[in-house]
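Engineer: The following comprises the amino acid sequence and a computationally predicted model.
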Amino acid sequence: MGRILESEEEIAEAVRSIRVVAVIGMKDEREPETAAHRIPKALQAQGMRVIPVNPKLVQALGEPAYASIGAVPDRFDTVDVFRRSSAIGEVADAVIALPPARRPRLVWLQLGIRNDEAARRLSEAGMDVVQDRCLMVEAARLPGGRG
């Protein structure tokens, strides 16, 4: 059983352990001002590998993009989501549909994104969940940096 992380300590611990993040709803260099581009770019600059997941992209930040989370061939420990709260149920379904050995340890819903039902289902499927927080901000707040 996963957990819905809310305390500063739980969130900091989760952020420190992120190595590879699949970003659902990521934008590419054609939309540099969007949070869905700026934040993944900052995460990459902090040493995380970023895998773009967006059916409209071929690549972003030097990485090949994938149309869906199920199409990502590489291992990832975190899914970072830039989708409306109303779409999070579908995102949860797609993540839960991954074979258990391929599921991420952590699902992160960016600032302004919250879906308690989907978060509960994800945690019941064994993943930790953070809602309504900016991963870039949380990573930058860590004393001494991430890792």
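Structural biologist: Cool, the structure landed.

Engineer: Nearest residue to residue 12 in space, please, no chain neighbours.
Structural biologist: residue 142 (5.9 Å; Cβ to Cβ, 6 or more residues apart in numbering). In short, each C-beta sits where N, CA and C put it, glycine included.

Engineer: That neighbour contacts residue 16, doesn't it?
Structural biologist: Yes: judged on Cβ atoms under 8 Å, residue 142 makes contact with residue 16 at a distance of 6.5 Å.

Engineer: Comparing these two, which shows the higher neighbour count?
Structural biologist: Just comparing residue 142 and residue 16: by other Cβ atoms under 10 Å the higher neighbour count belongs to residue 142, 15 against 12.

Engineer: Now do the strands in this structure.
Structural biologist: 20-24, 49-53, 59-60, 63-64, 78-81, 106-109, 128-130 (DSSP state E).

Engineer: do you know which of the ones you listed lies nearest residue 136?
Structural biologist: strand 78-81 (9.5 Å; Cβ to Cβ).

Engineer: Any chance you could list what contacts that closest one?
Structural biologist: 18, 20-25, 39-40, 43, 69, 88, 91, 95, 104-110, 113, 135 (Cβ atoms under 8 Å, 6 or more residues apart in numbering).

Engineer: Contact partners for the residue nearest to residue 12?
Structural biologist: Contacts of residue 142 by Cβ under 8 Å, 6+ apart are 12, 15, 16.

Engineer: what's the residue closest to the geometric middle of this structure?
Structural biologist: residue 80 (1.2 Å; Cα atoms, centre = their mean).

Engineer: Can you name every helix or strand that the longest helix belonging to the chain contacts?
Structural biologist: Of all segments of type helix in the chain, defined using DSSP state H, the longest is helix 35-45. Counting contacts by 3 or more Cβ pairs under 8 Å, 6 or more residues apart in numbering; DSSP states H and E, helix 35-45 packs against strand 20-24, strand 49-53, strand 78-81, helix 135-141.

Engineer: for the second one, packing partners?
Structural biologist: In this case it means strand 49-53. Using 3+ Cβ pairs under 8 Å, 6+ apart, strand 49-53 sits against strand 20-24, helix 35-45, strand 59-60, strand 63-64.

Engineer: Can I get the second one in CSV? Just the C-alpha atoms.
Structural biologist: Extracted in CSV, the C-alpha atoms of helix 35-45 (Å, rounded to 0.1, in the frame of the first residue of the first chain):
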residue,chain,number,x,y,z
ALA,A,35,5.0,25.5,-16.5
ALA,A,36,4.8,22.1,-18.3
HIS,A,37,8.1,23.0,-20.1
ARG,A,38,9.9,25.2,-17.5
ILE,A,39,9.5,22.8,-14.6
PRO,A,40,10.7,19.7,-16.4
LYS,A,41,13.7,21.7,-17.8
ALA,A,42,14.5,22.8,-14.2
LEU,A,43,14.2,19.2,-13.0
GLN,A,44,16.6,18.0,-15.7
ALA,A,45,19.1,20.8,-14.7
